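Asks: quick one: sequence and predicted model below, then my questions.
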Amino acid sequence: MKTLFLDAPYNGTIELAAETLAYLKKKKYKTVGLYASVQFVNNLEKVKEQLQKNNITAITSHADRTHVQGQLLGCDNYHNSLNLSKDENKKIDCYLYIGDGKFHPLALVYSQKDSDAVKEIVCNDPIQKKMSLMGMADIKGILKKYKGSLVRFLSADTIGIIITIKPGQEQFRPALALENQFPDKKFYYFIDNVVSFDQLENFNFIEVWVNTACPRVGFDDQEKFVKGVINLNDALHAGEILGKDSMMNNLQ
Amino acid sequence: MALYKPEVEKAVAEIAAQKAKLVCIQLPDGMKPYAKDIADEIEDKTSAKVLIWLGSNFGACDIPLGLNRMGVDLLISWGHNRFHKKEGW
């Protein structure tokens, strides 16, 4: 069976709102990391022109799981997802996201949870013609719980690993690495089509969950896991992450 | 459907090229109210029967399983482009 993907591109003009440009200038941002969701990413010429006219340099990249340059997915939320060089990363004063909603730009916030400093995310919504800002404050509550789940994971003996079977999501083999990393823990593997949150509490012997499906489940759905959940990549480096001088560990 | 272009003509062309008889359409939540318009247009312009995926469409990583067993010839998924899975996160 063949699959045809259709982007459903935005029908209107994609440009920066006056308040977005005014804010970038007020903050004296000289270089922005420019990203957009798929509905907007193929039509950013006007945005680039506006930035150029205002002497703002746009740096972009081909993020890990995306199909085109400059595209941002919600799952590109790891510290190195954007594939920016060290030099590019240093030059970027803030991220500029073009699109609507919070799901995609929040990936840029999550990706900085283990950094010692955070770059602001300036969101420009071409539909509402409005700007909004995003930063660590938007995920503070989630990260506090997430850190608690990381601590619980390190001390727990019985761990439930959640694997979803859709080919784009399934990460069974990589999850097995946890057994080598933590030989004293007992891991049970739970398989599902989508994560059935209402079933979790039936398996009451599990002390904490490790999510291997969409990494955003580990963050955005933290509330639905009474026992707590962490993502596989963080489980593999839990001790190191908790020992860092980072945004997550320094939350007040 | 004023905000986004559904480009149903591309779906119709692909159905013709594939000579698909049974197609499944998968829409993100924001486009689900337009499933009727899209299904009607496809059935008007092709001889294919349309199945509308009821469930989630979180991204191109979230493709329905088991459609082959029902004899679906083509899945058309809106709102996403190709997903490049990274083994091992």
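Replies: Yes, it's here. Because the structure is predicted, anything quoted here is derived from the model rather than measured. Numbers count the residues shown, from 1 in each chain, chains lettered A, B, ... in the order given.
Asks: who are the neighbours in contact with the closest residue to A:V229 other than its chain neighbours?
Replies: Nearest residue to A:V229, sequence neighbours excluded (Cβ to Cβ, 6 or more residues apart in numbering or on different chains): A:W209, at 4.3 Å. Quick note: C-beta positions are derived from backbone N, CA and C, even for glycine. For A:W209, the contact set (Cβ atoms under 8 Å, 6 or more residues apart in numbering or on different chains) comprises A:159-162, A:200, A:225, A:227-230.
Asks: same check, this time on A:I139
Replies: A:I139 sits next to A:106, A:109-110, A:113, A:219 when contact means Cβ under 8 Å, 6+ apart.
Asks: just A:K147 next, same as before
Replies: A:242, A:248-249, A:251.
Asks: what of B:Y4?
Replies: B:Y4 neighbours (Cβ under 8 Å, 6+ apart): A:8-11, A:39, B:31.
Asks: reformat these as TSV; add secondary structure and pLDDT.
Replies: Conversion of those to TSV gives the following (DSSP: H, G, I helix; E, B strand; the rest coil; pLDDT from 0 to 100):
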residue	secondary structure	pLDDT
A:A8	coil	96
A:P9	coil	97
A:Y10	strand	96
A:N11	coil	94
A:Q39	helix	97
B:M31	helix	94
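Asks: which among these end up buried?
Replies: With neighbours counted by 16 or more other Cβ atoms under 10 Å in any protein chain shown, those contain buried members at A:8-10, A:39, B:31.
Asks: possible to save those residues as JSON lines with distance to A:V194?
Replies: Output for the buried ones among the contacts of B:Y4, formatted as JSON lines (distance: Cβ to Cβ, whole Å):
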{"residue": "A:A8", "distance to A:V194": "22"}
{"residue": "A:P9", "distance to A:V194": "27"}
{"residue": "A:Y10", "distance to A:V194": "28"}
{"residue": "A:Q39", "distance to A:V194": "23"}
{"residue": "B:M31", "distance to A:V194": "19"}
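Asks: follow-up on the earlier one: so which of the contacts of A:W209 comes closest to A:K91?
Replies: A:I230 (32.1 Å; Cβ to Cβ).
Asks: tell me the strands beside whatever helix or strand that closest one lives in, with direction?
Replies: For A:I230, the host element (DSSP states H and E) is strand A:229-231. Each strand paired with strand A:229-231, and its direction, by DSSP bridges: strand A:208-211 (parallel).
Asks: what does the following helix or strand past the strand it pairs with contact?
Replies: Next helix or strand after strand A:208-211 toward the C-terminus (DSSP H and E): helix A:215-220. Helix A:215-220 has contacts (Cβ under 8 Å, 6+ apart) with A:74-75, A:77-78, A:103, A:106-107, A:110, A:139, A:142, A:146, A:162, A:195, A:211, A:229-231, A:233-234, B:89.
Asks: just give the nearest non-adjacent residue to residue 50, would you?
Replies: Went with chain A since none was named. The shortest distance from A:Q50 to any non-neighbouring residue, by Cβ to Cβ, 6+ apart, is to A:L16 (4.9 Å).
Asks: not what I meant, chain B
Replies: B:A39 (4.3 Å).
Asks: same deal with A:T164?
Replies: Distance criterion Cβ to Cβ, 6+ apart; nearest residue to A:T164, sequence neighbours excluded, is A:A213 at 4.0 Å.
Asks: same question for A:I14.
Replies: A:P126 (4.7 Å).
Asks: quick one: that neighbour from A:E240, how far?
Replies: 40 Å (Cβ to Cβ, to the nearest Å).
Asks: what sits against A:Y29?
Replies: Counted by Cβ under 8 Å, 6+ apart, A:Y29 has contacts A:56, A:93-94, A:122.
Asks: quick one: which of the residues you listed has the most company?
Replies: When these are compared by neighbour count (other Cβ atoms under 10 Å in any protein chain shown), A:V122 ends up highest, at 23 neighbours.
Asks: tell me the SS of it?
Replies: strand (DSSP: H, G, I helix; E, B strand; the rest coil).
Asks: okay, the nearest residue to it once chain neighbours are set aside and A:Y110: tell me how far apart.
Replies: Spatial nearest neighbour of A:V122, chain neighbours left out: A:L96 (5.1 Å); criterion: Cβ to Cβ, 6+ apart. Separation of A:L96 from A:Y110 (Cβ to Cβ) stands at 18 Å.
Asks: do the same with A:A235
Replies: With distances taken as Cβ to Cβ, A:A235 is found 16 Å from A:Y110.
Asks: run a quick neighbour tally on residue 48.
Replies: Since no chain was named, I'll use chain A. A:K48 - counted by other Cβ under 10 Å - has 15 other residues nearby.
Asks: actually, chain B is the one I wanted.
Replies: 20.
Asks: cool, A:I59 as well?
Replies: Quick note: A:I59 (other Cβ under 10 Å) scores 18 neighbours.
Asks: check B:N81 too.
Replies: Neighbour count for B:N81, taken as other Cβ under 10 Å: 19.
Asks: the helices in chain B, which residues?
Replies: B:8-18, B:35-45 (DSSP state H).
Asks: can you list those in TSV and add mean neighbour count and mean pLDDT?
Replies: Compiled in TSV, the helices of chain B are given as follows (neighbours: other Cβ atoms under 10 Å in any protein chain shown; pLDDT from 0 to 100):
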stretch	mean neighbour count	mean pLDDT
helix B:8-18	16	98
helix B:35-45	15	98
